[in-house]
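output the structure for:
(chains A and B)
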Amino acid sequence: MDWQALKVSLYLAGLTAVVLTPIGILTARKLAWSQFPGRNLVQALIALPLILPPTVLGFYLLVILGGHSIIGRLYEDMAGNSLVFSFEGILVASILFNVPFAVQPIQRGFESIPVNVREAAWCSGLSTWQTFWKIELPLAWPGVVSAAILTVAHTLGEFGVVLMVGGNLTGETRTIAIAIYDRVQAFDNASAATMSAVLLVVSFSAITLIYFLTDRLGKQRVW
Amino acid sequence: MSGSHIYIELKQTHPIPLDVSLDCGPAEILVIVGPSGSGKTTILRSVSGLYTPETGYVCCNGAQWLDTGAKINLPAQQRRIGMVFQHYALFPHKTALQNIMLPLTRVNGGQKQFIAENLLNTMNMEGLGDRYPHQLSGGQQQRVALARALARDPEVLLLDEPFSAVDQQTRRKLTRELVSLRRHFSLPVIHVTHDLNEARRIADKICIIHHGKTLQIDSPDQVMNYPHDADVANLVGHYNIFTGAILRHDHDTKETHIKWNEHSLKTRYRPELEPQTEIDWVIPSENIILHRHDKPSQGERENPVKGRIDEFIPLGETTSITIAVDPGHLVYMSVSTHVARRNNLAEGGDITVSLLAEGIHLMKKPTHKRD
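Predicted coordinates for the structure are as follows:
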């Protein structure tokens, strides 16, 4: 069992969810209720990581974030180390790769709120901000929780993108999924089995939790 | 809550045509009636600030809420309105009491609960404050929605088909409560419905609207018995609407005579209508009386009309009868089923009725064509 890899994985998953959830809320709310030119294009872009092979995304990230790119050089000048093959690098990759998991459930959550309920809030004198905090966010909450859990679970299991962008550096970019691959390559099936079991349990629990939460919260609705 | 007054003027051609001018005083219930798609809800939304018409003017208690000419358009939050939505739109994650407390943004904590509980009690909802909307019946949800609308201390109460989602019995009870409530709160109430019976039961003034246009604003009695034109007569549910022409006025007997097909009919005295003028006329079916074989009555000499029974539908106590008078002209009436039986009325049989002169209302033809 590679405890350091598990730590990297959990750290990566937690940070990804923390960064992505607020972004997901704002993006999802906009997509749920606003019609703007290019809306479908934005939605397609958000959904893209769902069908794109992780290696493709990883490849482009290598190109964009690598030492030969503007972003890569800028980062290297400021931070003193390269963005690729670092924890920060796989964090960026993980955030981008998880966008659909963070945005889509929250968008469904906002879309399920009838427009009349929001109008009722405005007619009750609540400002846009008050309506967001007191009405919209609590009602979209199951979606927000689902998004966060999905993001965490999906990051824990992510392999291709992390390998492409981060490589396999102990304590820095070697996540538990990569450690499993690493152990199998080294014919250490016992370690691989333990870690696989851990990932299996975590993933299954996460998905189950989502179903329980959405079911329980969904029962309050009158529409 | 002092008596407030609201003036509304809206005009637009697209996407929903609107051409209305309304006003509503303190403790007055103005009911806007029209078929679905006639623009009723759009009027309410324009008043509440949820919709902005092309041109419009809404003034409540001297405060301008909307004046498109002067580029004034307050958002819903700044208009003191109480709005009840068609399906109530309660906040499902909040209890009844919390729903009512939410609009009380300018009241401090302890007061909030006190006011909300008072409102809940006014609505006969004691002890139900802790329930969530999904734990309440339709009628109870409606009461919470009304209490929430009143919590904001509004200057006008706007009701969008508030009784459409409850059963008939609850509806009657709620309408009665609403009528007594307006005395309590002394607000102008604008109520939208497609149900004419509901409108007649609660309205001080009825506004008949069609394709976004005000056709008539009057008391329920006026609208029913003295419709402005054939469109209104049709919308308020009259069946017997016909076209005729003025023959002459009899100034001594105070009667007007009209020509209808080959018949000459006596009607209510309307000397302002020039002879030869084409008019529409309407007769409510209660003013049509059957000539009975068993019991001839006084009114039979008045406007007798012969015909053939085209349709004969017994509906329990009464029977609905359609009479073909002249080719293509159907007159609808209803008689007691036992009278129909005693007079051997049946489909295809002959029948003679009298059209009571006092029941015939003459209407000017619309000056411009309406679609």
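
for the stretch 151-300 of chain B, what spans make up the strands?
In the stretch 151-300 of chain B, the strands defined using DSSP state E, counting those that start in this stretch lie at B:156-160, B:189-193, B:205-210, B:213-218, B:241-250, B:255-260, B:263-267, B:278-282, B:288-290.

with mean neighbour count and mean pLDDT added, can I get those in JSON lines?
C-beta coordinates here come from the backbone N, C-alpha and C atoms, glycine included. Rendered in JSON lines, the data for these read as follows (neighbours: other CB atoms under 10 Å in any protein chain shown; pLDDT from 0 to 100):
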{"stretch": "strand B:156-160", "mean neighbour count": "25", "mean pLDDT": "94"}
{"stretch": "strand B:189-193", "mean neighbour count": "25", "mean pLDDT": "94"}
{"stretch": "strand B:205-210", "mean neighbour count": "24", "mean pLDDT": "94"}
{"stretch": "strand B:213-218", "mean neighbour count": "19", "mean pLDDT": "93"}
{"stretch": "strand B:241-250", "mean neighbour count": "16", "mean pLDDT": "92"}
{"stretch": "strand B:255-260", "mean neighbour count": "19", "mean pLDDT": "92"}
{"stretch": "strand B:263-267", "mean neighbour count": "19", "mean pLDDT": "92"}
{"stretch": "strand B:278-282", "mean neighbour count": "20", "mean pLDDT": "94"}
{"stretch": "strand B:288-290", "mean neighbour count": "21", "mean pLDDT": "91"}
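
for B:Gly49, which of those is the nearest?
With distances scored as CB to CB, the stretch of the strands of the stretch 151-300 of chain B nearest to B:Gly49 is strand B:156-160 (10.6 Å).

which elements pack onto the host helix or strand of A:Leu62?
Assigned by DSSP states H and E, A:Leu62 falls within helix A:54-65. Contacts defined by 3 or more CB pairs under 8 Å, 6 or more residues apart in numbering or on different chains; DSSP states H and E place helix A:54-65 against helix A:70-79, helix A:87-97, helix A:160-166.

ok so, going back, quick one: which of the strands of the stretch 151-300 of chain B is nearest chain A?
strand B:156-160 (8.3 Å; CB to the nearest CB).

compute the first-to-last residue distance for stretch B:52-65.
Using CA to CA, to the nearest Å, the end-to-end distance of stretch B:52-65 comes to 11 Å.

now do stretch B:73-92
From the first residue to the last, stretch B:73-92 extends over 30 Å; the measure is CA to CA.

centre of the chain versus it, how much separation?
Relative to the chain's own centre, stretch B:73-92 is displaced by 23 Å; criterion: CA atoms, centre = their mean, to the nearest Å.

so that stretch, near chain A or not?
Yes. Using CB under 8 Å from any CB of the partner chain, stretch B:73-92 comes into contact with chain A via B:75-77, B:81-83, B:85-87, B:89-92.

so which of those residues belong to strands?
Under the assignment DSSP state E, the residues of stretch B:73-92 next to chain A contribute B:Ile81, B:Gly82, B:Met83 to strands.

show me what the longest strand belonging to chain B is packed against.
What stands out as the longest strand in chain B, according to DSSP E, is strand B:304-315. Strand B:304-315 sits against strand B:318-324, strand B:330-336, helix B:337-342, strand B:350-355, with contacts defined as 3+ CB pairs under 8 Å, 6+ apart.

can you point out the buried residues in that strand?
Buried residues in strand B:304-315, counted by 16 or more other CB atoms under 10 Å in any protein chain shown: B:Val305, B:Gly307, B:Ile309, B:Asp310, B:Phe312.

so which of the residues you listed is the closest to B:Thr367?
Distance to B:Thr367 across those (CB to CB) is lowest for B:Val305, with 30.0 Å.

in the sheet, who's paired with the closest one?
Beta-bridge partners recorded for B:Val305 (DSSP bridges): B:Val353.

if I look at it, how far off is chain A?
From B:Val305 across to chain A, the span is 51 Å (CB to the nearest CB, to the nearest Å).

quick one: mean pLDDT over the host helix or strand of A:Ala32.
In the assignment (DSSP H and E), A:Ala32 maps to helix A:3-33. Mean pLDDT, helix A:3-33: 93.

among the ones in strands among the residues of stretch B:73-92 next to chain A, which one has the most neighbours?
B:Met83 (29 neighbours; other CB atoms under 10 Å in any protein chain shown).

okay, it: pLDDT?
We have a pLDDT of 95 for B:Met83.

skipping its backbone neighbours, what lies nearest it in space?
Distance criterion CB to CB, 6 or more residues apart in numbering or on different chains; nearest residue to B:Met83, sequence neighbours excluded, is A:Cys123 at 4.1 Å.

surely the one you found is in contact with B:Gln78?
No. In this structure A:Cys123 lies outside contact range of B:Gln78 using CB atoms under 8 Å: 11.2 Å.

which of those two has more neighbours?
Remark: of A:Cys123 and B:Gln78, A:Cys123 carries more neighbours, 27 against 12, as counted by other CB under 10 Å.

check contacts around the more buried one.
Going by CB atoms under 8 Å, 6 or more residues apart in numbering or on different chains, A:Cys123 touches B:Ser48, B:Leu50, B:Ala76, B:Ile81, B:Gly82, B:Met83, B:Ala149.

ok, B:Gln111 - how many residues close by?
Residue neighbour count, defined by other CB under 10 Å, stands at 11 for B:Gln111.

same question for B:Arg172.
With other CB under 10 Å as criterion, B:Arg172 counts 14.

where's it relative to A:Ile106, distance?
To A:Ile106, B:Arg172 is 44 Å away according to CB to CB, to the nearest Å.

just give me how far the longest strand of chain B sits from the chain centre.
On CA atoms, centre = their mean, the centre of strand B:304-315 falls 29 Å from that of its chain.

quick one: low-confidence parts of the chain?
You didn't pick a chain, so chain A it is. By pLDDT under 70, the weakly predicted segments of chain A are A:217-223.

that's the wrong chain, I wanted chain B
B:1-3, B:298-300, B:368-371.

now the helices for it?
For chain B, the helices defined by DSSP state H occupy B:40-48, B:96-101, B:109-122, B:138-151, B:168-185, B:196-202, B:220-225, B:230-235, B:337-342.

buried set for stretch B:60-76?
So for stretch B:60-76, counting by 16+ other CB under 10 Å, buried means B:Cys60, B:Trp65, B:Leu66, B:Asp67, B:Thr68, B:Asn73, B:Ala76.

ok, now stretch A:114-122?
Using 16+ other CB under 10 Å as the test for burial, stretch A:114-122 gives A:Pro114, A:Asn116, A:Val117, A:Arg118, A:Glu119, A:Ala120, A:Ala121, A:Trp122.

who touches the helix holding A:Leu62?
By CB under 8 Å, 6+ apart, the residues outside helix A:54-65 that reach it are A:49, A:69, A:71-72, A:75, A:83-84, A:89, A:92-93, A:96-97, A:158-165.

number of residues surrounding the closest residue to B:Phe91 other than its chain neighbours?
Using CB to CB, 6+ apart and skipping the chain neighbours, the partner closest in space to B:Phe91 is B:Asn99 (5.4 Å). Using other CB under 10 Å, B:Asn99 has 27 other residues around it.
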